[in-house]
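How does the following fold in three dimensions:
(one chain, ligands or ions: 1)
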Amino acid sequence: MTRLVHTRAELAEARSALTGRVGVVMTMGALHEGHEALLRAARERADHVIVTVFVNPLQFGPNEDFDRYPRTLDADLEVCRRAGADLVFAPAVSDMYPEGAPQVRLDPGPLGEDLEGLSRPGFFHGVLTVVLKLLQLTRPDLTFFGEKDYQQLTLVRRMCRDLEVPVEVVGVPTVRESDGLALSSRNRYLSDPERQVALSLSRALRAGAEAAEAGRDAGAVLTAAHAAFGAGDPGARLDYLVLTDPELEPGPVQGPARLLVAAWVGRTRLIDNAPVLLHPVS
Ligand code: PAF
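Numbering: from 1, shown residues only. Below is the predicted model:
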């Protein structure tokens, strides 16, 4: 049975009844198959699964889509029930931030100012602050994050390492449509023609990965990815397309690497990424 709780008091009471290994999956709702993969991974690794559903105002900029972000709690609950979650915590903003927006927020460090952080100042301050609060409230042994938001996953891992947060952070591979589009709650904003345009992102990643498999160097991998990004219908506006080390550390890349892309399709900003294996230059 899946129990829905809204307040911290209800959560504390329900959490104290859970024994064994507890896994938490944090979401902003609008659950799709990507979230279902997180829930499945949590189900496999933990004795009990908690899902949090909270659209966190702290991580939205003034011109972002906080108000229009989809809120679909009934459907989300159904997904959680089917996946066998034990507990769903869906607090109101006033429950998460009873004294208003917190004065003290987590500083994500230099990585928080790069890539997504460049276009979305303050975004990772808001993400890490709510993630740490939710970890404190749910006290899990394991927490599951999608690789789709790779910079977020990397920063959550880094936060837990740097601040001694006693939880195992598990990354779960991106779920894609059959044509390659990475699942995202924001895909529902795309019109049919925009959805076609959105394929530029996964096409670029595939081309980059194929170039790497063919033994090409980092420069050639990026060139192939850029060419594939621009090869389709016009319409996607590239924000960044970069090849980095898997920890997103600056510096030259070799061996296992990560290709990351962000682009605007109409009014919708999409991100995607893929692992790439660079062969040693002989
Ligand atoms: O990835 C998300 O949905 C959000 O950034 C998260 C981790 C739930 C924090 O609000």
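
Enumerate every residue touching the closest residue to the ligand within the stretch 151-282 of the chain.
Per C-beta to the nearest ligand atom, Q152 is where the stretch 151-282 of the chain lies closest to the ligand, at 5.8 Å. Heads up, the C-betas are built off the backbone N, CA and C, glycines and all. By C-beta atoms under 8 Å, 6 or more residues apart in numbering, the contact set of Q152 is 116, 124, 127, 145.

Most neighbours among these, which one?
F124 (28 neighbours; other C-beta atoms under 10 Å).

Was I right to think it contacts D114?
No - with contacts counted by C-beta atoms under 8 Å, F124 stays clear of D114, the gap being 9.7 Å.

what's the overlap in contacts for the two?
By C-beta under 8 Å, 6+ apart, the residues touching both F124 and D114 are Q151.

Check what pLDDT V281 gets.
What the model reports for V281 is a pLDDT of 65.

try D233
The model's pLDDT for D233 equals 62.

Off-centre distance for the longest helix that the chain contains?
In the chain, assigned by DSSP state H, the helix with the most residues is helix 192-213. In terms of C-alpha atoms, centre = their mean, to the nearest Å, the centre of helix 192-213 is found 19 Å from the chain centre.

Quick one, grab the pLDDT at the spatially most central residue of the chain.
In the chain, the centroid-proximal residue (C-alpha atoms, centre = their mean) is D149; its distance is 3.0 Å. For D149, the pLDDT comes out at 98.

before we move on, what about the one 5 residues further on?
Looking at T154, its pLDDT is 98.

do the same with P140
Taking P140 on its own, its pLDDT is 98.

Pretty sure it sits in a strand.
No - using DSSP: H, G, I helix; E, B strand; the rest coil, the assignment for P140 is coil, not a strand.

Can you name the residue of the stretch 51-200 of the chain nearest the ligand?
When you check the stretch 51-200 of the chain against the ligand by C-beta to the nearest ligand atom, the closest residue turns out to be N56, at 4.0 Å.

re earlier: roughly how far does the residue of the stretch 151-282 of the chain closest to the ligand sit from M159?
10 Å (C-beta to C-beta, to the nearest Å).

Show me which residues of the stretch 51-200 of the chain sit near the ligand.
56, 59, 127, 130-131, 149, 152 (C-beta under 6 Å from any ligand atom).

now, among those, which is nearest to A212?
Checking those against A212 with C-beta to C-beta, the nearest one is D149 at 22.3 Å.

give the contact list for the closest one.
I271.

Report the separation between it and Q103.
Distance from D149 to Q103, by C-beta to C-beta: 26 Å.

T27 too?
26 Å.

Give me the more crowded residue out of these two.
Per other C-beta under 10 Å, whichever of T27 and Q103 has more neighbours is T27, with 23 against 6.

low-confidence ranges in the stretch 151-282 of the chain?
Within the stretch 151-282 of the chain, the ranges that satisfy pLDDT under 70 run 232-234, 281-282.

Would you map the strands across it?
Assigned by DSSP state E, counting those that start in this stretch, the stretch 151-282 of the chain shows strands spanning 168-172, 236-244, 255-265, 268-278.

so can I have TSV of the ones you listed showing mean neighbour count?
What follows is the strands of the stretch 151-282 of the chain, written out as TSV (neighbours: other C-beta atoms under 10 Å):
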stretch	mean neighbour count
strand 168-172	18
strand 236-244	17
strand 255-265	20
strand 268-278	20
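
Rebuild those strands as CSV, extending it with distance to R3.
Shown next, in CSV, are the strands of the stretch 151-282 of the chain (distance: least, C-beta to C-beta, whole Å):
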stretch, distance to R3
strand 168-172, 23
strand 236-244, 41
strand 255-265, 37
strand 268-278, 33
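
looking at those, which is closest to P110?
Per C-beta to C-beta, nearest to P110 of those: strand 236-244, 13.0 Å.

Partner strands of that closest one and their direction?
According to DSSP bridges, strand 236-244 forms sheet pairs with strand 255-265 (antiparallel).

Now do the strand it pairs with against helix 192-213, angle only.
Relative orientation of strand 255-265 versus helix 192-213 (axes from the mean of the first three to the mean of the last three C-alpha atoms, to 10 degrees): 160 degrees.

could you give the angle of strand 255-265 to strand 268-278?
160 degrees.

Let the chain start at 9 from now.
Noted, 9 is the first residue going forward, which turns the last one into strand 263-273.
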